[in-house]
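Participant: Starting from these lines, generate the structure:
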Amino acid sequence: MNIIGDVCPIGVFDSGVGGLSVLRAIHQLLPSESLVYFADQEHVPYGSRAMDEVREFSVSITRFLLEQGAKLVVVACNTASAAALHSLRQLFPDIPFVGMEPAVKPAAEHTHTGVVGVLATPATFQGALYASVVERFAANVTLLQNTCLGLVTQIEQGAFDDKKTRAILETALRPMVDQGIDTIVLGCTHYPFVIPLIQEIVGPGVRVIDPAPSVARQVSRLLGFNGGQAVNTGKGILSFFTSGNARKFTTLLPGLIDEIGKVQEVFWDGNEIRIK
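Facilitator: Numbers count the residues shown, from 1 in each chain. Modelled structure (predicted):
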């Protein structure tokens with residue numbers, strides 16, 4: 001077991017860079033906590049993959065993060081949360097997990113027009129978790145859904161405001177605006193990185209819900225900080241692993257989280273993850 005900086009870190013994983021939006025929120029709330037992040041960029045995006053396959057990836061990644069000493073694991077991916085969160089809690093009963101749930105409940109509670117837009121991957125929309133949230137909290141709300149095909153790939157490439165990214169979002173959002181949305185739910189952890197572009201398209205009258213801050217607060221509660229910052233001083237260490245290209249990942253970090261850290265490449269050996 002590796003212990004980062006002699007302190008057990010918080011583990012965070014996603015199919016790619018999207019979960020960095022969650023890591024950023026955790027780091028802002030709990031700056032003294034060390035974090036270890038896993039980006040499965042060899043298999044990105046998860047949203048178009050079979051749920052069983054995503055579940056297998058998630059189990060292997062969790063084992064890898066536990067080998068790095070993780071004391072808590074954040075499934076910073078809506079697709080992986082839908083596919084694997086229940087199984088992960090059963091397989092690793094001694095480890096606290098925090099997953100992603102589309103923020104339909106707060107959107108339904110605060111909408112004035114009764115029309116809410118949801119941007120998410122196909123797997124998230126098809127999952128039982130999303131269906132349950134909609135059934136429980138959105139019975140009296142009209143939900144307009146779009147998968148934003150190709151947007152995750154654009155964000156993985158660092159193309160946050162180019163013509164293609166803008167076209168994807170225009171296609172998804174303009175019809176929603178025309179139908180009266182006043183709230184947008186981001187059901188993919190990649191999407192917060194294009195909030196400025198989303199806000200530009202939908203205008204100031206539409207609220208955009210980033211789920212990352214609420215996830216960070218849940219992590220804080222589970223660690224016993226009662227939703228507030230840790231009392232210990234000092235800055236936590238950020239460490240990163242990717243099954244993609246470490247150099248490319250490193251170049252994206254400053255623009256995504258305004259931080260840098262050690263990035264190591266790993267490779268898949270069957271269901272095992274090994275450091276290069």
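
Participant: All the strands of this structure, in order from the start?
Facilitator: 10-14, 35-39, 72-75, 97-98, 115-120, 142-146, 183-187, 207-209, 238-242, 262-269, 272-275 (DSSP state E).

Participant: For the ones you listed, give me JSON lines that also has mean pLDDT.
Facilitator: Supplementary listing: the strands of the chain in JSON lines, determined by pLDDT from 0 to 100:
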{"stretch": "strand 10-14", "mean pLDDT": "98"}
{"stretch": "strand 35-39", "mean pLDDT": "98"}
{"stretch": "strand 72-75", "mean pLDDT": "98"}
{"stretch": "strand 97-98", "mean pLDDT": "98"}
{"stretch": "strand 115-120", "mean pLDDT": "97"}
{"stretch": "strand 142-146", "mean pLDDT": "97"}
{"stretch": "strand 183-187", "mean pLDDT": "97"}
{"stretch": "strand 207-209", "mean pLDDT": "97"}
{"stretch": "strand 238-242", "mean pLDDT": "97"}
{"stretch": "strand 262-269", "mean pLDDT": "97"}
{"stretch": "strand 272-275", "mean pLDDT": "97"}
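
Participant: Ok, which of these comes nearest residue 65?
Facilitator: strand 10-14 (3.4 Å; Cβ to Cβ). (Each C-beta comes from the backbone N, C-alpha and C, glycine too.)

Participant: could you say what helices and strands that closest one packs with?
Facilitator: For strand 10-14, the elements it packs on are helix 20-29, strand 35-39, helix 51-67, strand 72-75, judged by 3 or more Cβ pairs under 8 Å, 6 or more residues apart in numbering; DSSP states H and E.

Participant: what do you get if the cut-off is 6 Å, keeping everything else the same?
Facilitator: The contact analysis (3 or more Cβ pairs under 6 Å, 6 or more residues apart in numbering; DSSP states H and E) places strand 10-14 against strand 35-39, strand 72-75.

Participant: who does that strand pair up with?
Facilitator: Pairing partners of strand 10-14, with direction, according to DSSP bridges: strand 35-39 (parallel), strand 72-75 (parallel).

Participant: The longest one to helix 51-67, inter-axis angle?
Facilitator: Spelled out, that is strand 35-39. Angular relation of strand 35-39 and helix 51-67 on a 0 to 180 degree scale: 150 degrees, by axes from the mean of the first three to the mean of the last three Cα atoms, to 10 degrees.

Participant: what about strand 35-39, distance to the chain center?
Facilitator: On the basis of Cα atoms, centre = their mean, to the nearest Å, strand 35-39 sits 12 Å off its chain's mean C-alpha point.

Participant: Would you reformat the strands paired with strand 10-14 as TSV and include mean neighbour count?
Facilitator: Formatted as TSV, the entries for these read as follows, by neighbours: other Cβ atoms under 10 Å:
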stretch	mean neighbour count
strand 35-39	27
strand 72-75	26
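
Participant: Any regions of this protein where pLDDT drops low?
Facilitator: Scanning the chain for pLDDT under 70 picks out the ranges 1-6, 226-233.

Participant: so what are the domain limits for it?
Facilitator: By the assignment in automatic domain parsing, the chain contains the domains 4-100+213-275, 104-210.

Participant: can you list the residues that contact stretch 102-117?
Facilitator: Residues outside stretch 102-117 that contact it (Cβ atoms under 6 Å, 6 or more residues apart in numbering): 130, 133, 137-138, 141-144, 176, 179-185, 187, 209, 211.

Participant: How many neighbouring residues does residue 41 have?
Facilitator: Residues lying near residue 41 (other Cβ atoms under 10 Å) number 20.

Participant: Could you pull up the contacting residues of it?
Facilitator: The neighbourhood of residue 41, defined by Cβ under 6 Å, 6+ apart, consists of 16, 242-244.
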